[in-house]
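In: Got a predicted model here, sequence first, then my questions.
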Amino acid sequence: MTGISATAIYTSAVALSGAWIRTIMALVLNIWPTWLRYFVQPFLVLYYAPLLILRNLAGPNRSNARRSHDHFVEGWKRAVQVADGSTQYWPVHVNSANELESDISELDMREAVAESSFLSMELQEQAGLQG
């Protein structure tokens, strides 16, 4: 590995692009006098506000994102239940409150849920081949 993280590269790129954008916009806007720029600014708001409103109406919203997240978590829970029922001992369970829990405190839940998903997919493939 190079020792340079993707986060550092991303942060540097955002900072550099922001600096370039500010410099270019300053050069472009310096063509017009300050009083004209202040006069035109409210008209830009009138131009961009409907665009942003249409984007928010047409694009994904919070309720869609929440439903997608809940659907994803339910898939995890089903995978954990399948894995828990297919072996004699599985360290991750779905409790009575319908939450994921672990028997082992040091267990990485992400890894355990991923393993549950893999085991569930393997069992479904085996059932598909046998059936």
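Out: Cool, the structure landed. Residues are numbered from 1 along each chain as shown.
In: who's in contact with the helix or strand containing Gln41?
Out: For Gln41, the host element (DSSP states H and E) is helix 34-58. Applying C-beta atoms under 8 Å, 6 or more residues apart in numbering, the set of residues contacting helix 34-58 from outside is Leu29, Trp32. (Glycine included, C-beta is placed from N, CA and C.)
In: Buried residues of the helix or strand that it is followed by, list them for me.
Out: Remark: after helix 34-58, the chain's next helix or strand is helix 62-86, criterion DSSP H and E. In terms of neighbour count (16 or more other C-beta atoms under 10 Å), helix 62-86 has its buried residues at Trp76, Lys77, Ala79, Val80, Gln81, Val82, Ala83, Asp84.
In: low-confidence ranges in this structure?
Out: 1-3, 129-131 (pLDDT under 70).
In: distance of Thr87 from Glu106?
Out: According to C-beta to C-beta, to the nearest Å, Thr87 and Glu106 sit 20 Å apart.
In: for Phe39, that is, sorry about that
Out: Phe39 is 64 Å from Glu106, by C-beta to C-beta.
In: Quick check on the two: which one has the bigger neighbour count.
Out: Phe39 (11 against 5; other C-beta atoms under 10 Å).
In: Gln88 in helix, strand or coil?
Out: coil (DSSP: H, G, I helix; E, B strand; the rest coil).
In: Compute the number of surrounding residues for it.
Out: 4.
In: Please state the backbone phi and psi of it?
Out: phi -70, psi -40 (degrees, to the nearest 10).
In: Glu101 too?
Out: phi -140, psi 160.
In: how close does the closest residue to it other than its chain neighbours sit to Glu125?
Out: Spatially, and ignoring its direct neighbours in sequence, Glu101 is nearest to Asn95 (4.9 Å; C-beta to C-beta, 6 or more residues apart in numbering). Relative to Glu125, Asn95 is positioned 28 Å away (C-beta to C-beta).
In: what's the spacing between the closest residue to Ala83 other than its chain neighbours and Ser86?
Out: In this structure, Ala83 finds its nearest non-sequential neighbour in Ser116, 4.0 Å apart by C-beta to C-beta, 6+ apart. For Ser116, the distance to Ser86 (C-beta to C-beta) stands at 10 Å.
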